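Chemist: How does the following fold in three dimensions:
(chains A and B)
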2 protein chains.
Amino acid sequence: MTTTATTLKGQPLDKAALESLLRRRMFYTPSFEIYGGVSGLYDYGPPGCALQANIVDIWRKHFILEEDMLEVDCTVLTPHEVLKTSGHVDKFADWMCKDPKNGEIFRADHFVEGALEARLKGDKEARGQKVEEKEEDPKKKKKKHKDLAAVKLDDAVVQEYEQVLAQIDNYNGEQLGELITKYDLKNPATGVLPDTPMPFNLMFQTSIGPSSNLPGYLRPETAQGQFLNFAKLLEFNTGQMPFASASIGKSYRNEISPRAGLLRVREFLMAEIEHFVDPEGHKKHHRFHEVENIELAFLDRNIQLSGKTTITRQTIGQAVKDGLVDNETLGYFLARIQLFLKKIGVDQSKIRFRQHMANEMAHYACDCWDAELLTSGGWVECVGCADRSAYDLSVHAKKTGAPLIVRQKLDEPKTIEEWELDINKKKFGPFYKKDGKAVEAALLATTQEDRSRLAKELEETGKTTIDVPDVGEGKVEVSKDLLAVEWRKRVEHTREYTPNVIEPSFGIGRILYSLMEHNYWTRASDGGDEARGVLSFPPAVAPTKVLIVPLSSHKDFPPAVRKLSQKLRSAGLSSRVDDSSASIGKRYSRNDELGTPFGVTVDFQTVQDGTITLRERDSTRQVRADEDKIIEAIKALVEETKTWKDIESELPLFEGQQEAEVPVR
Amino acid sequence: MTTTATTLKGQPLDKAALESLLRRRMFYTPSFEIYGGVSGLYDYGPPGCALQANIVDIWRKHFILEEDMLEVDCTVLTPHEVLKTSGHVDKFADWMCKDPKNGEIFRADHFVEGALEARLKGDKEARGQKVEEKEEDPKKKKKKHKDLAAVKLDDAVVQEYEQVLAQIDNYNGEQLGELITKYDLKNPATGVLPDTPMPFNLMFQTSIGPSSNLPGYLRPETAQGQFLNFAKLLEFNTGQMPFASASIGKSYRNEISPRAGLLRVREFLMAEIEHFVDPEGHKKHHRFHEVENIELAFLDRNIQLSGKTTITRQTIGQAVKDGLVDNETLGYFLARIQLFLKKIGVDQSKIRFRQHMANEMAHYACDCWDAELLTSGGWVECVGCADRSAYDLSVHAKKTGAPLIVRQKLDEPKTIEEWELDINKKKFGPFYKKDGKAVEAALLATTQEDRSRLAKELEETGKTTIDVPDVGEGKVEVSKDLLAVEWRKRVEHTREYTPNVIEPSFGIGRILYSLMEHNYWTRASDGGDEARGVLSFPPAVAPTKVLIVPLSSHKDFPPAVRKLSQKLRSAGLSSRVDDSSASIGKRYSRNDELGTPFGVTVDFQTVQDGTITLRERDSTRQVRADEDKIIEAIKALVEETKTWKDIESELPLFEGQQEAEVPVR
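Modeler: As a prediction, this is how the structure comes out:
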């Protein structure tokens, strides 16, 4: 699983240097750092915040506006009952295990993974092979090294470990416990085996209202709010299917032991789409033809179960045709996800779509593909695309009685013959008293097969029994004066169905972090200085578009800077002024680190003739022209209607007066 | 306090009709409604969500971009220690009282307010005056009516009640309890007096991590994250002062008994600015001259304490000059707040700035003005603008030892003579062992006066004592081989200071709700149908800019609609298609309710010659021209470079083929 991450230019990635840059430039910072910090919580500083806003803005245009999705903003606070029904209270858990000696708590799968990887590394060392250091939190590394003895393993053992690792996400708690025992995986810090893995629910709990009688959670996903509003959204959409809702907001997961920086956090921004579709007719999508020729990298379920990670490249059209991807709607979104990632500047060679294995899937999913991005932390799940079938709408409808269904007018009326129930409401309620509702619900939930039995028993004996959980002994007798069951024919003019849901779900923070890694490089790759880092974000996502640099603190410059800054603002281009006393070269280097694609210098000539220089971040080349022409050029570059090459061919190059560009650390 | 709300056109506001419209069009909806809902939690549907996004976007441009503020995005989850230090754990509470008979819980000030208002209403009725019904939650109304007997009060009593109500926000729990006893204010539902008011902390509590040993809260404001990052933000700003940080995000308050719809919710979007300023030099603001002639409506502290609510109108320049508003920076932001509210379409005659009374102010504030908007719920605090002085930075610096200060280079070095401490580090630690840090901290915290005493005692007796809380008996002896105190002269080249903070803090949800009330009217005011509601949002904030209406379901229209929709998208104009089978009039009426400012019709002529009609929401008048001209016109209207009058003078009016416009309820 260990991979060697590279920079945008293919250099080996020096993760420590990148992280130092990101913190120095305040892309992000540990929350509450002056209080010692809290693991899994990070704040975004100004450039991180702007980068996030730009990614979200492009997401909104690419998905919501392009496809007329219905955006909603639902609360994070969610009462217990909703998440009990959705299954999260019972099933939204990771397996944790505790060291009985020092009380340390691990996520069981990460513990097994770490221990086996350490042994494989020791084996490689013993065989005299080069060991690739996987970048990790320094604390964790220290701990692991204790266990890292250069012990050679049998070839068969190596293969076995590799197979376990390839399907590490597929084990449940019991199986993880067995692996710990079988391979004798001790905690290197104490030398003892951890206890049996136990489930740990990942939701943050709280209490709503002053009397503490309404337990609630912070939502673990934005999806539930969208499902609960389904009936209103369908009405808003004037009853038309299919349609999608979407939501951008924070979600929360109380991770057991988060140590992977922005890749595993406890509070995170999600962007989720719930696309509601008729389950009949193979979930076709009317715009599938627009994407069918797009090629994706697939890692399917069977390959993983065979212990391999081989990738297949093919068009999404072919993948759906072959049944690798179940249906057009799912396939359409996989392709759209790929296009979105491309648009924001994710390295296309570092994307793969991995199918979930059976045990790995969330409790609600019937098929799921993750868009994974290759980073220094390996392949990281950044977008999930699950087919949740009718699971959520069904369970909420059942629990609340709300009709979370679609009523479709049939072109031709349909004749139906089946068993129907007549409950004698007058007698039924008074007879069963407080149990009445439960008994009625149990009757209504009966299948046609059940009803055929009820009808027979009522006819033969004048009474029947039915299972009603939590009432009496779990069985209730019903007599024929309370219930009739009859075989009837009726004509239906409408069809009722519960839509299925295809859910593309984006972890914005993970995408943002991967994007920073993918766009990072140093000038060393161009023969320059290793210490000069650059973040080559595409102009559309770059936190700030333009850096304005006055040549010096001369009193003539501030008015020109203010005017320029105002003009850029009117043109919708974000800019920042750097009028610090650092040299121009230093100021440009600082802004390369901030990923600012364009820089303009205001100098004495500007004051005389209104011309300014425009510097392009990646090439460091400059052109010079009058202010308005330069602004027009920047606008075209940001909107991607022109390339830098176009600009160089249109405006005169500028080569004089350039100071040496130097690192700024 | 009861006020009669009006619509945009001055009609009396039918709040029930407006709320029905807002829910029907899914501007907002109670969260978890199919589960019975949770009071104080609401979801925004598509139009509410878009309206919110547009308000936030304008806010970001008006404040952050216009003034180069540093935007940050900090976590909602906050560990106990941070909010303990900030004072929220101890002081962020409302007074609640419980009915001992039925257990009902009230917010004490709301209880007193409700009871006195009911008596005043009864008095008016007894005097045969018209009673204005204040719109309330139906449940609450029912309860109050029991108490509403038409009993005439003495004139002196009426005056006393009115004085209490004018300063209701100024009472603490004890005083509220005294009012309850003094006026014998019983709970109408049970006929008994509620118990003594108790403080109820408004923060939602949770626990971070698997071992439940890190208690935390959901932040009650976004401010703390900004303060904790102060040192990094100052560095990001290359050390330059003043500067502002800003944050847009959710905050949480566990309101005791929220019943006022969107005006009092438990989860809400805030936009907060922390403007850091040097406390020396009267907090001048370099752009104050740009706003000094703007006139505001003030309700100052003294007027309220005298039991009145009289408003003074004057320019902010005059108000600062007269000392009504303490300083330019505070004044600058009050004026900028007014401009922002104007820009998004808040009714200018329904804004006032109310100064907080001493007891009412948050524990951190030294002066505070609220921008209040007049709604059916009375004057509602929508923006707070507080001078938090150096409170927060000081307490966090003291607690953590982090230097949350500014180091300013002095133009002229300054000579300082004072008592200085020399601690003998070598001996000090080993001597006090575990108490060493606490004793050292106590020494360093001594004042110049303390030190003069220490010096004297050390000289005279060779030892001294100092107060150290939690060590020994609270007093510790220090001998002269551990400590020297000397009078020294030194020259300083830098000045260190803790900045003061001016904090404009916006409740986006309250602004959004007020905006909907202020922009609502019905066609009855133009002689039309009372049932035809309109939301006249300015185009810039309107949820959707353009409605596209194909004349019928004829097969020629969809391609034209798609093309038009694509063109609008490229022009950055959001649109929605209504191709339902309703009549054109009905579809336009539906979109008046959604506040969509412009509608275009695609008809048979469109297919022939590419022309479309453009309808303006407020006047319902139409023009017709070719597609590109119409799109250009819409763009100019949305960007406010042209008015509808300009468009009517440029493009030919269209009067044919118009269907009767009809209500849609």
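Chemist: Give me the distance between residue A:549 and residue A:576.
Modeler: Distance of residue A:549 to residue A:576, computed by C-beta to C-beta, to the nearest Å: 10 Å. Yep, even glycine has a C-beta here, placed from its N, CA and C like the rest.
Chemist: who has more neighbours, those two?
Modeler: Comparing residue A:549 with residue A:576 by other C-beta atoms under 10 Å in any protein chain shown, the one with more neighbours is residue A:549, at 25 against 20.
Chemist: if I pick that one, what's in contact with it?
Modeler: Counting by C-beta atoms under 8 Å, 6 or more residues apart in numbering or on different chains, residue A:549 makes contact with A:577, A:578, A:579, A:584, A:587, A:588, A:599, A:600, A:601, A:602.
Chemist: mind checking the longest helix of chain A?
Modeler: Secondary structure of chain A per DSSP state H: the longest helix is helix A:108-126.
Chemist: what about the residue of the stretch 351-500 of chain A found nearest chain B, neighbour count?
Modeler: Per C-beta to the nearest C-beta, residue A:402 is where the stretch 351-500 of chain A lies closest to chain B, at 3.9 Å. Look at residue A:402: counted by other C-beta under 10 Å, it has 16 neighbours.
Chemist: Show me what from the stretch 151-300 of chain A comes close to chain B.
Modeler: Residues of the stretch 151-300 of chain A lying close to chain B by C-beta under 8 Å from any C-beta of the partner chain are A:200, A:204-211, A:214, A:216, A:218, A:225, A:228-229, A:231-233, A:236, A:238, A:240, A:250, A:252, A:254, A:256-257, A:266-267.
Chemist: Mark which of those are buried, thanks.
Modeler: A:200, A:204, A:206-210, A:214, A:216, A:218, A:225, A:228-229, A:231-233, A:236, A:250, A:252, A:254, A:256-257, A:266-267 (16 or more other C-beta atoms under 10 Å in any protein chain shown).
Chemist: picking up where we left off before, tell me the spatial nearest neighbour of the residue of the stretch 351-500 of chain A closest to chain B, not counting adjacent residues.
Modeler: Nearest non-adjacent residue to residue A:402, counting by C-beta to C-beta, 6 or more residues apart in numbering or on different chains: residue B:34, 3.9 Å away.
Chemist: Test of understanding: give the bridge partners of residue A:372.
Modeler: Using DSSP bridges, the bridge partners assigned to residue A:372 are residue A:352, residue A:381.
Chemist: Not counting sequence-adjacent ones, nearest residue to residue A:284?
Modeler: Excluding the flanking residues, the one nearest residue A:284 by C-beta to C-beta, 6+ apart is residue A:328, at 5.0 Å.
Chemist: Quick check: the gap between that neighbour and residue A:335.
Modeler: 10 Å.
Chemist: go on, residue A:410?
Modeler: Residue A:410 is 33 Å from residue A:335, where distance means C-beta to C-beta.
Chemist: more neighbours, the two?
Modeler: Using other C-beta under 10 Å, the more surrounded residue of residue A:410 and residue A:335 is residue A:335, with 25 against 11.
Chemist: Grab the nearest non-local neighbour of the more buried one.
Modeler: Distances taken as C-beta to C-beta, 6+ apart place residue A:291 nearest to residue A:335, at 3.7 Å, with adjacent residues excluded.
Chemist: quick one: pLDDT of the one you found?
Modeler: Reported pLDDT at residue A:291 in the predicted model: 96.
Chemist: Return the residues in contact with it.
Modeler: Applying C-beta under 8 Å, 6+ apart, the residues near residue A:291 are A:316, A:331, A:332, A:335, A:336, A:339.
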